[in-house]
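Undergrad: All I have is the shape, not the residue letters:
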């Protein structure tokens, strides 16, 4: 049986000599087995006496070996550094050493194994073998076998390995970061290490996302900037740990709806789509509610997502040098630290010239849809046709707070961007920090009340 994890072997005799015993943990391969030159039943010692724990590291591939039978003084949990190596019982009122527990040890055993940490204290030599960053299920099985070896269980009943020196690949620390900045260095025949957490592949002339990258389940940061990618695969959403995605300077024209409905909703915090050819983002984009930093500069955006205000955690937004004529009405619900909308051809707002799409009386469909949204009546595709559900999801909100769908009055007004952001990059070269924002009105009454307030404020 073998286990890969980080190991630190501490001698308990060093402090008695006035020496420090703490060392930095190293990636290691642990093996539970018997001596290859002394097999049981061939003149060697009995099976129980030949079970050893071997620790191989990059510095010592041959490995240090520790006898196990009746040689384990104690099993520690992750709380060993906090002095919590005992269990206090109510009945009887005693403190029991962890290594002396029987039924109770199983519960405590599972608890620390789930975090991939354990410590085994040996009697001879007087060392503590501290394990960390191990696979929880593998660690649990490994320590169970170690306990059986300690109790003298027959060798044939244990899942043992031959104690031979470890391969270099088995004791090297898993690679968590890889940076590729040229086509020449891009791996064409080898897979990416599965342990990668940060992968950058820039200036590699990639026309598509390499499917091998989508197997990296531990990936937290993916940088594919400065390539020729035209389309994103839906399976990027399977990267459950992905927090940062950089697609700066590619040839993207759309952002896939499937990504907005994927696990990225709960993980993605940084997204850079700047210097692409995107004209619009889907309504579902605002389901990426963990976004903190969003860059949309130098695209061809003619509008921002309709429900932009749903990005409640968004703090940094830049959409400079696009083709935005105005901002969506939901934009006023944002709470940003920095906002950059420089270089957009914002239209001059004119509240006195509205776009009227109001029908009097309202259609039955409009009345029913407004009531569904206003009274928060549950709905779904199991109750309504999918196109009606989509209409309800993009319902507009009047100044009075009521909803409207296809019957409304639309106009634009000026909003000072400091209303939604602490720091605002100037909108134009004239020093302005104001931009037009869309307003919707569900009835003539609401629009008339707005006009009265607007005319009074401009007298």
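TA: Yes, it's here. The model shown is predicted, which means the values in this text are computed figures rather than measured ones.

Undergrad: Tell me where the stretch 51-200 of the chain has strands.
TA: Assigned by DSSP state E, counting those that start in this stretch, the stretch 51-200 of the chain shows strands spanning 51-57, 64-67, 72-76, 86-88, 95-97, 118-122, 127-132, 161-162, 177-180, 198-201.

Undergrad: now the ones you listed as JSON lines including distance to residue 394?
TA: C-beta coordinates here come from the backbone N, C-alpha and C atoms, glycine included. Listed next are those as JSON lines, based on distance: least, CB to CB, whole Å:
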{"stretch": "strand 51-57", "distance to residue 394": "59"}
{"stretch": "strand 64-67", "distance to residue 394": "65"}
{"stretch": "strand 72-76", "distance to residue 394": "57"}
{"stretch": "strand 86-88", "distance to residue 394": "58"}
{"stretch": "strand 95-97", "distance to residue 394": "63"}
{"stretch": "strand 118-122", "distance to residue 394": "53"}
{"stretch": "strand 127-132", "distance to residue 394": "49"}
{"stretch": "strand 161-162", "distance to residue 394": "61"}
{"stretch": "strand 177-180", "distance to residue 394": "41"}
{"stretch": "strand 198-201", "distance to residue 394": "36"}
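
Undergrad: Let's have those in a markdown table, adding mean pLDDT.
TA: A markdown table is the format used below for the strands of the stretch 51-200 of the chain (pLDDT from 0 to 100):
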| stretch | mean pLDDT |
| --- | --- |
| strand 51-57 | 86 |
| strand 64-67 | 84 |
| strand 72-76 | 70 |
| strand 86-88 | 42 |
| strand 95-97 | 41 |
| strand 118-122 | 83 |
| strand 127-132 | 82 |
| strand 161-162 | 78 |
| strand 177-180 | 95 |
| strand 198-201 | 97 |
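
Undergrad: now these in JSON lines, with distance to residue 306 and mean neighbour count?
TA: Formatted as JSON lines, the strands of the stretch 51-200 of the chain follow (distance: least, CB to CB, whole Å; neighbours: other CB atoms under 10 Å):
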{"stretch": "strand 51-57", "distance to residue 306": "56", "mean neighbour count": "23"}
{"stretch": "strand 64-67", "distance to residue 306": "64", "mean neighbour count": "17"}
{"stretch": "strand 72-76", "distance to residue 306": "56", "mean neighbour count": "19"}
{"stretch": "strand 86-88", "distance to residue 306": "57", "mean neighbour count": "14"}
{"stretch": "strand 95-97", "distance to residue 306": "63", "mean neighbour count": "12"}
{"stretch": "strand 118-122", "distance to residue 306": "52", "mean neighbour count": "22"}
{"stretch": "strand 127-132", "distance to residue 306": "48", "mean neighbour count": "21"}
{"stretch": "strand 161-162", "distance to residue 306": "60", "mean neighbour count": "12"}
{"stretch": "strand 177-180", "distance to residue 306": "38", "mean neighbour count": "14"}
{"stretch": "strand 198-201", "distance to residue 306": "33", "mean neighbour count": "20"}
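
Undergrad: Which one, of the ones you listed, ends up nearest to residue 401?
TA: strand 198-201 (45.1 Å; CB to CB).

Undergrad: Pairing partners for the closest one, with directions?
TA: Strand pairing for strand 198-201, using DSSP bridges, gives strand 177-180 (parallel), strand 221-223 (parallel).

Undergrad: Pipe those strands into CSV and attach distance to residue 390 per row.
TA: Formatted as CSV, the strands paired with strand 198-201 follow (distance: least, CB to CB, whole Å):
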stretch, distance to residue 390
strand 177-180, 41
strand 221-223, 30
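
Undergrad: Quick one: closest of those to residue 152.
TA: Per CB to CB, nearest to residue 152 of these: strand 177-180, 45.1 Å.

Undergrad: For residue 397, see how far away the residue nearest to residue 13 when sequence neighbours are not counted is.
TA: Computed as CB to CB, 6 or more residues apart in numbering, the closest residue to residue 13 that is not its neighbour in sequence is residue 126, at 5.3 Å. To residue 397, residue 126 is 71 Å away according to CB to CB, to the nearest Å.

Undergrad: between these two, which one's more packed in?
TA: Using other CB atoms under 10 Å, the more surrounded residue of residue 126 and residue 397 is residue 397, with 18 against 14.

Undergrad: just to revisit the earlier point, tell me which of the strands of the stretch 51-200 of the chain lies nearest to residue 357.
TA: Among these, strand 198-201 comes nearest to residue 357, with 47.5 Å by CB to CB.

Undergrad: where along the stretch 351-459 of the chain do the helices fall?
TA: 364-374, 386-393, 444-457 (DSSP state H, counting those that start in this stretch).

Undergrad: just to revisit the earlier point, relative to residue 25, which of the strands of the stretch 51-200 of the chain is closest?
TA: Across the strands of the stretch 51-200 of the chain, closest to residue 25 is strand 127-132 (CB to CB), at 6.2 Å.

Undergrad: about what we covered before: nearest to residue 169, of the strands of the stretch 51-200 of the chain?
TA: Residue 169 lies closest to strand 51-57 among the strands of the stretch 51-200 of the chain, at 11.7 Å (CB to CB).

Undergrad: Adjacent strands (with direction) for the closest one?
TA: Strand 51-57 sits in its sheet next to strand 26-34 (antiparallel), strand 64-67 (antiparallel), going by DSSP bridges.

Undergrad: how far does that strand sit from the chain's center?
TA: Mean-position distance between strand 51-57 and its chain equals 35 Å (CA atoms, centre = their mean, to the nearest Å).

Undergrad: Show me the one of the strands paired with strand 198-201 that comes nearest residue 254.
TA: Nearest of these to residue 254, taken as CB to CB: strand 221-223 at 18.6 Å.

Undergrad: Would you mind identifying the next helix or strand past that closest one?
TA: Later in the chain than strand 221-223, the nearest helix or strand by DSSP states H and E is strand 244-246.

Undergrad: Mind listing what's buried along that following strand?
TA: Within strand 244-246, the residues that qualify as buried are 244-246, counting by 16 or more other CB atoms under 10 Å.

Undergrad: Going by contacts, tell me the helices and strands next to the very next helix or strand once past it.
TA: Sequence order places helix 257-260 as the next helix or strand after strand 244-246, per DSSP H and E. For helix 257-260, not one helix or strand is in contact under the criterion 3 or more CB pairs under 8 Å, 6 or more residues apart in numbering; DSSP states H and E.

Undergrad: circling back: and which of the buried residues of strand 244-246 is nearest residue 286?
TA: residue 245 (16.4 Å).
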